[in-house]
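J.: Got a predicted structure plus its sequence, pasted below:
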Amino acid sequence: MKEIILAKYGEIALKGDNRNSFEDMLVKNIKRRLKKIGRFEYSRRQSTIYIEPLEDVDIDTAVKCLKSVFGIGAIQRCAVFEKNFDTVAQNAGEYLRPALSSAKTFKVEAKRSDKSFPLKSPDIQQKLGDVVLDNFPHLGVDVHNPEVTVRLEIRDNGAYLSAERIIGAGGLPVGSSGKALLMLSGGIDSPVAGYMMAKRGLVVDCIHYVSPPYTSDRARMKVEALCEKMTEFCGNTIFYCVPFTEIQEAIRDNCPEEYFTVIMRRLMVKIANKICDRYGYGGIITGESLAQVASQTLQALKCTNAAAEYPVFRPVIGMDKIEITEIARKIDTYETSILPYEDCCTVFSPKHPKTRPSLEEILKAESSFDFDKMVDEAIEKTEVKRFRYGEKTVFID
């Protein structure tokens, strides 16, 4: 029995004249994800990508991979038959058995895209419902909240029978909106921010700041593990690791303590600006949430923004910690984020940070030391690492 996967469009279906470019990007991303699973043939029709195995492959694994591909609205694993209802009826019991043998209720949905098919959708539903009940007499019909929904779609090139429809990741294909640089800390918020911007079609690469000996190798490994996990939804990811010790010591020695954190954030942004310049990123992403900490008050964010030469995306800015944590658990970054290895944001943290700094105060505090040379030196010493989807590269005990 021939079985294929239907990947149905999400938001792409609403696009206009440039829809083809989004479709091309989505197919490209799907091919990358499924490359190691086996060979498939891909075609596009009726707002759907048809993914047909060309050899014996693990369909379950393929479906699992597709669940994290942005741009897909729904995934259906289907048996394909000729457009003849008798043929469908003869094979439906065998194909649907794994899904229906232990279920208690079901309903049937039918869609007739090919209007030349002799049966209309309501007729298909009634006849297929009878077939299901003949094969599985223990089932009851529940049109409102069934355990299993059996679907039959009559399309131009065949009849597609399924008992499983999985909600996809939604959003737009990664790469369709450009690329941006995520300021990735070891905390809960920034991986969530990266996930949310990847969902809007951005390629998300990561920049992280280390301050040995104040931060440990374990702290860096923790962030690299987060970067690895992010490939599940971002795809292949570049990781920039910036040495930040000398800059933080200079801030400590030359600036008023209450401004340490805001000045540190501004210098991180200035480094990110130059990485964006050098490698063609169009924006900076942060995990800042309004008023969560002293450096994320409205006044502090204004000071940080003033250092940015690129758009700064803050997708979790209006979310509370509970909401952010729920997403972190969903994308499997939470347990890594809470490992007890602190990043450089905690180094020389002031006891009494100023929560409402003015830009004039910050600029005056920064003027006591010329940080430009140190910023350039830090960029030149930056280590670059690539994380590839499906490849385990980092392990934490």
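T.: Received, thanks. Please read all numbers here as calculations on a predicted model, not as lab measurements.

J.: Buried ones in stretch 109-127, by neighbour count?
T.: Using 16 or more other C-beta atoms under 10 Å as the test for burial, stretch 109-127 gives 109, 110, 112, 117, 119, 124, 125, 127. All C-beta spots, glycine's among them, are computed from the backbone N, C-alpha and C.

J.: Now for residue 266, how many residues are close by?
T.: Neighbour count for residue 266, taken as other C-beta atoms under 10 Å: 25.

J.: secondary structure class for it?
T.: Assigned by DSSP: H, G, I helix; E, B strand; the rest coil, the conformation of residue 266 is helix.

J.: quick one, what contacts it?
T.: Residue 266 makes contact with 303, 304, 306, 307, 362, 366, according to C-beta atoms under 8 Å, 6 or more residues apart in numbering.

J.: what's the pLDDT at the third one?
T.: Yep, that's residue 306 we're talking about. Here, the pLDDT recorded for residue 306 equals 96.

J.: going forward, begin numbering at 11 instead of 1
T.: New numbering, starting at 11: the last item is residue 316.

J.: what residues are up against the closest residue to it other than its chain neighbours?
T.: Distances taken as C-beta to C-beta, 6 or more residues apart in numbering put residue 369 closest to residue 316, at 5.5 Å, once the chain neighbours are dropped. Under the criterion of C-beta under 8 Å, 6+ apart, the neighbours of residue 369 are 312, 313, 316.

J.: what do you get if the cut-off is 10 Å, keeping everything else the same?
T.: By C-beta atoms under 10 Å, 6 or more residues apart in numbering, the contact list for residue 369 reads 272, 276, 309, 312, 313, 314, 315, 316, 317.

J.: Does the last one touch residue 277 like I think?
T.: Yes - if you go by C-beta atoms under 10 Å, residue 317 and residue 277 touch, sitting 7.7 Å apart.

J.: so what sits against both of those two?
T.: Counting by C-beta under 10 Å, 6+ apart, the contacts common to residue 317 and residue 277 are residue 376.

J.: Just the buried subset of the contacts of residue 369, please.
T.: Using 16+ other C-beta under 10 Å, the buried ones in the contacts of residue 369 are 272, 276, 313, 314, 317.

J.: can you put these in JSON lines and add distance to residue 30 and secondary structure?
T.: Output for the buried ones among the contacts of residue 369, formatted as JSON lines (distance: C-beta to C-beta, whole Å; DSSP: H, G, I helix; E, B strand; the rest coil):
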{"residue": "272", "distance to residue 30": "45", "secondary structure": "helix"}
{"residue": "276", "distance to residue 30": "42", "secondary structure": "helix"}
{"residue": "313", "distance to residue 30": "43", "secondary structure": "helix"}
{"residue": "314", "distance to residue 30": "39", "secondary structure": "helix"}
{"residue": "317", "distance to residue 30": "39", "secondary structure": "coil"}
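
J.: Those: which two are farthest apart?
T.: Using C-beta to C-beta, the pair of the buried ones among the contacts of residue 369 lying farthest apart is 272 and 317, separated by 9.7 Å.

J.: Mutual contacts of the two, please.
T.: In contact with both residue 272 and residue 317: 369, 372, 376, using C-beta under 10 Å, 6+ apart.

J.: Go through those residues and say which is closest to residue 252.
T.: The closest of those to residue 252 turns out to be residue 376 (C-beta to C-beta; 18.6 Å).

J.: Can you report how many residues lie near the closest one?
T.: 19.

J.: Hmm, it is touching residue 261, no?
T.: Yes - using C-beta under 10 Å, residue 376 makes contact with residue 261 at a distance of 8.9 Å.

J.: Now do the shared contacts for these two.
T.: The contact lists of residue 376 and residue 261 share 269, 273, 276, 277, where a contact means C-beta under 10 Å, 6+ apart.

J.: Surely the last one touches residue 269?
T.: No - here residue 277 lies out of contact with residue 269, judged by C-beta under 10 Å, at a distance of 11.7 Å.

J.: hey, what's in contact with both of those two?
T.: Contact criterion C-beta under 10 Å, 6+ apart; residues shared by residue 277 and residue 269: 261, 376.

J.: Mind checking which of the buried residues of stretch 119-137 are in strands?
T.: 119, 120, 122 (DSSP state E).
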